[in-house]
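Asks: Curious how this folds, go ahead:
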Amino acid sequence: MAEIKDSDLNQTAREGTDVQRDDSALHIANISKSFRNVVALDDVSLNVNEGEVVGLVGENGAGKSTLLKILTGVQEPDQGELFTHGEKQTFTGPLKAAKEGISLVHQEQDIVSNLSGAENLFLGREGDLTPYGYVNKERMIDEAQQHLESLGINIDLSLRAGDLSFNERQLLEIARAFMIAKEGATETPIIMLDEPTAGLEEESRDLLFSLINDLRDRASFIFVSHELDEVIEISDRIYVLKDGQLVNEVSASETTQEVLRTSMVGRSLSDDYYLTSKQLSNTELGEEVLAVDELLYRDEVGPFSLSLREGEILGVVGVDGSGKERLGRMLYGDITPTSGSVTVLGQEVFPDSPSTMKTTGMGYIPKDRKNEGLLLYQPVRTNTSIAIVDKMMGKLPLLDIGLEKRETKEAVEKLDIKTPSIETLVRKLSGGNQQKVVLGRWFANESSILVMDNVTRGVDVGAKEDVYELCREFTRQGISMIFIADELQEVIGMANRIAVMYKGEIVDIVDAPPEDKPTEKELIELMV
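Replies: I've put the predicted structure just below:
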């Protein structure tokens, strides 16, 4: 489908305000929102039909979060109208919006961990479940289970929510959206999913997608994600936001990731998206910096052996459960191996703890950036300098604040981290800049080897390019990388060699020079 020009799209939006879309689950007409001098949304109109899954994509700052907040009543638009099932709505808060059928399943899950699944489902809506001033928990669990069964969801709601898996908590939120909508006499809710696959393995993601498809006759969905392949897979149509404006609408069956990326960034992305032309050739790589020999963890991962040269990117791929994440944790000492040896820069070391491996010059970037990689409520300064505390200690057991600030400012400048100040809380930064802060930590530590697990996960298209550029620059400086990722195209594009894992073992290491990259098909055949 051809790209829609801004002028054409805005004209269509203006025309849409004159028509009440009785056949739509949701109709947004000419919504605008500004914060002081910053325009967050500019005359945005879109439509979600009954039983439809609509994708919503855009870089960080494009306006997606503002639109979701307006739809859920957290914020009021400066202008524009909103219709659900043909009726004009004015939402005064999330509960009012939910009762009219619009609910948001947050990326940061809205679940009370120390309450049971059933209690979370009925929280604030206990009603006649408290006939004598106390909750009839037996009846609550029974009614909750019946509700889930009607949706085709299988969760033990007697368990604490904190003991449920990420995927189960997510499904619990979807079930709660249906329950609240039903209380408001809305039989077909509109459920918005914000980065719903960010914490999911492939099997859990497939379960979520299967549920979405099964519920199409009972709900409509807005699917917000940076993972463009997933947006295309699950959506019927896709809207693209850029700088607060709706810049494209495409049929998912007729578009590609490249079309979406181009719309999102406002320019054609280089054919060399992974900067393969900047990949070091074998003759440019240095001496061996890492040698792993028969590393084993119980009977679950290994034994495996691998080597890494100065400036090399070694990709690691495998299906869920193949052991690729544990491989990274073993190398960094987060999981203590049962046996085997690791040699870093010619010195044999046993990876019994992260602190041990950090002293060898190794850094680690975990898959779950927000929970494991960052102190979200601490400033950029603290998050960057945490790996070099020993370097900043003076003769007295006091931190050299001046040195800490200088090191942080250098990392921010070198990595082009977009932050108002080094004192800004990390949680206020975009996903891409948060990831740069994690990279900046190891830059400040002068790490020579980085173990990176899905380094671009949850990062928008433009920020991914920045991360790829940094990786290429790091290799030019002699930094080597273990590049673990779920996205095969990314690993193929970035790596010099690719280790393929199957049932805890490395079954092959495939060469991936710039001029002769393996195909996804070739890797998949080894993975399964």
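
Asks: Lys69: what secondary structure?
Replies: When classified by DSSP: H, G, I helix; E, B strand; the rest coil, Lys69 comes out as helix.

Asks: mind listing what Cys34 touches?
Replies: Wrong residue type there; residue 34 is Ser, not Cys. Going by Cβ atoms under 8 Å, 6 or more residues apart in numbering, Ser34 touches 40, 78. Yep, even glycine has a C-beta here, placed from its N, CA and C like the rest.

Asks: In a strand, it, correct?
Replies: Yes - counting by three-state DSSP, Ser34 is found in a strand.

Asks: Show the low-confidence segments of the stretch 201-350 of the chain, by residue range.
Replies: 267-271 (pLDDT under 70).

Asks: could you pull out the helices for it?
Replies: Using DSSP state H, counting those that start in this stretch, the helices of the stretch 201-350 of the chain run over residues 202-214, 228-234, 257-265, 324-331.

Asks: For the shortest one, buried residues please.
Replies: In other words, helix 228-234. Within helix 228-234, the residues scored as buried using 16 or more other Cβ atoms under 10 Å are 228, 230-232, 234.

Asks: Leu172 is in contact with Asp110, correct?
Replies: No - taking Cβ atoms under 8 Å as the definition, Asp110 is not a contact partner of Leu172, at 10.0 Å.

Asks: Quick check: phi and psi at the residue most central in space within the chain.
Replies: The centroid of the chain falls nearest to Gly458 when counting by Cα atoms, centre = their mean (2.5 Å). Dihedral pair for Gly458: phi 70, psi 20, per degrees, to the nearest 10.

Asks: Deepest-packed of the helices of the stretch 201-350 of the chain, please.
Replies: Of all these, helix 324-331 carries the top mean neighbour count, a mean of 24, counting by mean count of other Cβ atoms under 10 Å.

Asks: Any idea how far that one is from the middle of the chain?
Replies: Centroid separation for helix 324-331 versus its chain: 20 Å, with Cα atoms, centre = their mean, to the nearest Å.

Asks: Quick one: list the elements packing against it.
Replies: strand 288-297, strand 301-309, strand 313-317, strand 362-365, strand 449-453, strand 480-484 (3 or more Cβ pairs under 8 Å, 6 or more residues apart in numbering; DSSP states H and E).

Asks: what about the residue nearest to Gln79 when sequence neighbours are not counted, how many residues close to it?
Replies: Using Cβ to Cβ, 6 or more residues apart in numbering and skipping residues adjacent in sequence, the residue nearest Gln79 is Ser32, 4.8 Å away. Counted with other Cβ atoms under 10 Å, residues neighbouring Ser32 total 16.

Asks: And the average pLDDT for the lengthiest helix in the chain is what?
Replies: Counting residues, the longest helix found in the chain (DSSP state H) is helix 166-183. What helix 166-183 shows for mean pLDDT is 83.

Asks: begin at 55 from here
Replies: Taking 55 as the first residue, the last one we looked at is helix 220-237.

Asks: Just the residues contacting that helix, thanks.
Replies: By Cβ under 8 Å, 6+ apart, the residues outside helix 220-237 that reach it are 149, 152-155, 157, 159-160, 163-165, 171, 174-175, 179, 201-202, 205, 207, 209, 211, 215, 218, 241-243, 245, 250, 253-254, 258, 261-262, 265, 269, 272-273.

Asks: So among those residues, which ones count as buried?
Replies: 149, 152-155, 157, 159-160, 165, 171, 174-175, 201-202, 205, 207, 209, 211, 215, 218, 242-243, 245, 250, 253-254, 258, 261-262, 265, 269, 273.

Asks: how about the helices and strands packed on helix 378-385 in TSV, adding distance to Leu457?
Replies: Below are the helices and strands packed on helix 378-385 laid out as TSV (distance: least, Cβ to Cβ, whole Å):
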stretch	distance to Leu457
strand 342-351	28
strand 355-363	31
strand 367-371	31
strand 416-419	20
strand 503-507	23
strand 534-538	27
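
Asks: Figure out which of those strands is closest to Thr310.
Replies: strand 367-371 (22.3 Å; Cβ to Cβ).

Asks: Show me what the closest one is packed against.
Replies: Using 3+ Cβ pairs under 8 Å, 6+ apart as the test, strand 367-371 ends up in contact with helix 378-385, strand 534-538, helix 542-548, strand 551-556.

Asks: on that earlier part again, shared neighbours, Asp164 and Leu226?
Replies: With Cβ under 8 Å, 6+ apart, Asp164 and Leu226 have no common neighbours.

Asks: Can you list which of the contacts of helix 220-237 are found in helices?
Replies: Short answer: the contacts of helix 220-237 in helices (DSSP H) are 149, 152-153, 171, 174-175, 201-202, 205, 258, 261-262, 265.

Asks: picking that back up, pretty sure the residue nearest to the centre of the chain sits against Pro250.
Replies: No - applying Cβ under 8 Å as the test, Gly512 and Pro250 come out as separate, 11.3 Å apart.

Asks: ok, back up a step: quick check, pLDDT for the residue nearest to the centre of the chain.
Replies: Listed pLDDT for Gly512 reads 72.

Asks: I'd like the distance between it and Gln489.
Replies: Distance of Gly512 to Gln489, given as Cβ to Cβ, to the nearest Å: 8 Å.
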